[in-house]
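Asks: Here you go, sequence then predicted model.
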Amino acid sequence: GNFNPINREIEKRPLVFPFLVSVLHTFTGFRYQNPFIFNFIIMFLFLSGVYIAARKFLDIPSSVAAMFFILSYPVFSVFGTSGNFDFFNSVFFAVILATVYCYLMNPSSSAFAFIFASLLVFSNIRYESIFFLLFIPLLLCKAITKQHLKDNLWLFFITPLVNLPYIWGRILKAEAYQNPEDVPVFSAVSFVKNIKIYFGNLVDLNYYLPYAGILSIISILIFTYLVAALWLKRKQLQKQQKYFLLVLLVSVLASTCIYFAHFFGDCTHPSSARFFITLSIVLAFGPIALKIYKPQFISGAGLLITAVIFFLFYHPIAVEGRFINSLKGNRTAYHCIDFLSKIGDKNILVIAERPGQFTALGYGAINFSYANKNSEQILREATRHLFPKVVVFQEVEYGSNNPTKNTTLPTSYKLNTLYDIQITATEFLRISEIEIPPEVKSGTK
């Protein structure tokens, strides 16, 4: 029942999300389900906040519609029920924009302190979020007074200290971005390529992508109309409201451009769809923004019916999981975990390419690099019954019938194949059990 790590890796991702999940571990005990529970709580709180915010401007049916428009984007609920930190990052970004609105409507030193403190937290959720630590205060420069700055000198003083985990993470794990050597992390080339992919897939007739494409098109047209109408001053707004809309527009555009400029900003890939949660949330507010600007355009009941139709049109098919399950890693993990659950023994040793997937479930697990370097030790420990069996998960190529380079073991391990299952067109998952050689069993080696 004790966890004795034989290898420790420096965490390559910012630490706010793992820290908050660890708080949940503290109160409930360590469980691999806790990141999923945390995101579900955040999703519930965010949708509640959306209703409360919309209720400030609209009637009850329209406020409920705001929640359904967001849920019409399957990317929201797919990652809201995951253990990923990107969902939390998008929700936190929305919360910061809400605090900016409160600050501009009622400027004070304490309100500015709340914004800046939130940005400090935000900068430690995702890599690129630190950009907004300077960008949003810069956008607010006309509203920030000398007194606001003077009253928050202590907050500026601790800023480098709060960001030390981020700074050290970037220094010690410089390769964490995983971009190819000849491809920069951010570039204009990637921006053009990815934005073409996005607009080329707005209408997804196969319902494969987790985006409400038709709603996105409608919202883009609505926002274009609203920007033009406000630019032509067809409706008088308070000075602070105009300022907020400018900050909102520039912040959202900056966030969107960052993800489009990323080398992996392809909205059609399951691993990078999480980058577009923020944009999806913004586009979901298109009809709500039009209702606020033109209350007589559609009734609250009509808006709610429209939102429910979009929800029923996109959500049920998308949550079947076809999009996420197209990832080889996900399918492989499902098969491995299902196999281990049938064994019913947490004392076995697992050799896998990603051992962390199994240590989180309470199994002892090592990677192939460690297994290759310590074969005698592992076989000796198996002989002493420190674990009843050693299970190996390998990816095998169809053409050669040999394990892939990353999942190869030396000949000192004798493997008995237990299970094979196809995971891609060219590879299959092989589950094996290591046979302890007689000379090791007898202790003569």
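Replies: Now that the structure is in, tell me what you want to look at.

Asks: CA only for contacts and neighbour counts going forward, please
Replies: Noted.

Asks: Burial check on the residue nearest to Ile222 when sequence neighbours are not counted, number of neighbours?
Replies: In this structure, Ile222 finds its nearest non-sequential neighbour in Gly286, 6.1 Å apart by CA to CA, 6 or more residues apart in numbering. Other residues lying near Gly286 total 22 when counted by other CA atoms under 10 Å.

Asks: so who does Gly286 touch?
Replies: Counting by CA atoms under 8 Å, 6 or more residues apart in numbering, Gly286 touches 218-220, 222-223.

Asks: Please enumerate the strands of the stretch 101-250 of the chain.
Replies: Secondary structure of the stretch 101-250 of the chain (DSSP state E, counting those that start in this stretch): no strands located.

Asks: what sits opposite the closest residue in space to Phe358 that isn't next to it in sequence in the beta ladder?
Replies: On the basis of CA to CA, 6+ apart, the spatially nearest residue to Phe358 that is not a chain neighbour turns out to be Ala365, at 6.3 Å. Note on Ala365: beta-bridge partners by DSSP bridges are Val350.

Asks: any idea how far Ala365 is from Asn7?
Replies: Shown here: Ala365 relative to Asn7, a distance of 11 Å by CA to CA, to the nearest Å.

Asks: These two: who's more crowded?
Replies: For Ala365 versus Asn7, the count of surrounding residues by other CA under 10 Å is larger for Ala365: 25 against 7.

Asks: Please name the residues that touch that one.
Replies: Taking CA under 8 Å, 6+ apart as the criterion, Ala365 is in contact with 349-352, 355-356, 358-359.

Asks: Of all the residues in stretch 257-270, which ones are buried?
Replies: The neighbour-count check on stretch 257-270 (16 or more other CA atoms under 10 Å) flags 257-268, 270 as buried.

Asks: And it, end to end?
Replies: Its start and end residues considered, stretch 257-270 measures 19 Å (CA to CA).

Asks: Check for me that Phe428 belongs to a strand.
Replies: Yes: assigned with DSSP: H, G, I helix; E, B strand; the rest coil, Phe428 falls within a strand.

Asks: Spatially, what comes nearest to it if we skip its sequence neighbours?
Replies: Sequence neighbours aside, Gln422 is the residue nearest to Phe428 in space, at 4.1 Å (criterion: CA to CA, 6+ apart).

Asks: wouldn't the one you found be in contact with Tyr398 here?
Replies: No: between Gln422 and Tyr398 no contact is recorded; they are 9.3 Å apart, counting by CA atoms under 8 Å.

Asks: Name the residues contacting each of those two.
Replies: When contacts are counted by CA under 8 Å, 6+ apart, the set common to Gln422 and Tyr398 consists of Phe428.

Asks: re earlier: distance of the residue nearest to Phe428 from Glu433?
Replies: When distance is defined by CA to CA, Gln422 is 18 Å away from Glu433.

Asks: Quick check: closest non-adjacent residue to Tyr413.
Replies: In space, Tyr413 comes closest to Ile434 once its chain neighbours are excluded; the distance is 6.3 Å by CA to CA, 6+ apart.

Asks: List the residues that contact the one you found.
Replies: For Ile434, the contacting residues are 389-392, 413-416, by CA under 8 Å, 6+ apart.

Asks: Name the nearest of those residues relative to Lys173.
Replies: When the contacts of Ile434 are compared for distance to Lys173 (CA to CA), Val392 comes out closest, at 28.6 Å.

Asks: which of the contacts of Ile434 are buried?
Replies: Applying the neighbour count, that is 16+ other CA under 10 Å, the buried entries in the contacts of Ile434 are 389-392, 413, 415.

Asks: As TSV, the contacts of Ile434 with pLDDT and secondary structure would be great.
Replies: Listed next are these as TSV, based on pLDDT from 0 to 100; DSSP: H, G, I helix; E, B strand; the rest coil:
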residue	pLDDT	secondary structure
Lys389	91	coil
Val390	94	strand
Val391	96	strand
Val392	96	strand
Tyr413	91	coil
Lys414	91	strand
Leu415	92	strand
Asn416	93	strand
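
Asks: Which positions in stretch 280-298 come out as buried?
Replies: 280-281, 283-291.

Asks: could you give me the average pLDDT of that stretch?
Replies: Here stretch 280-298 scores 94 as its mean pLDDT.

Asks: Repeat that for stretch 224-243.
Replies: In the prediction, stretch 224-243 has an average pLDDT of 86.

Asks: Would you mind listing the outside residues contacting that stretch?
Replies: The list of residues contacting stretch 224-243 from outside it, by CA under 8 Å, 6+ apart, reads 101, 104-105, 290.

Asks: Among those residues, name the buried ones.
Replies: In these, burial by neighbour count holds for 101, 104, 290, counting by 16+ other CA under 10 Å.

Asks: Out of those, the closest to Val78 would be?
Replies: Nearest to Val78, judged by CA to CA, of the buried ones among the contacts of stretch 224-243 is Leu290 at 27.0 Å.

Asks: so that closest one, which of the three states?
Replies: Taking three-state DSSP as the rule, one finds Leu290 in the helix state.
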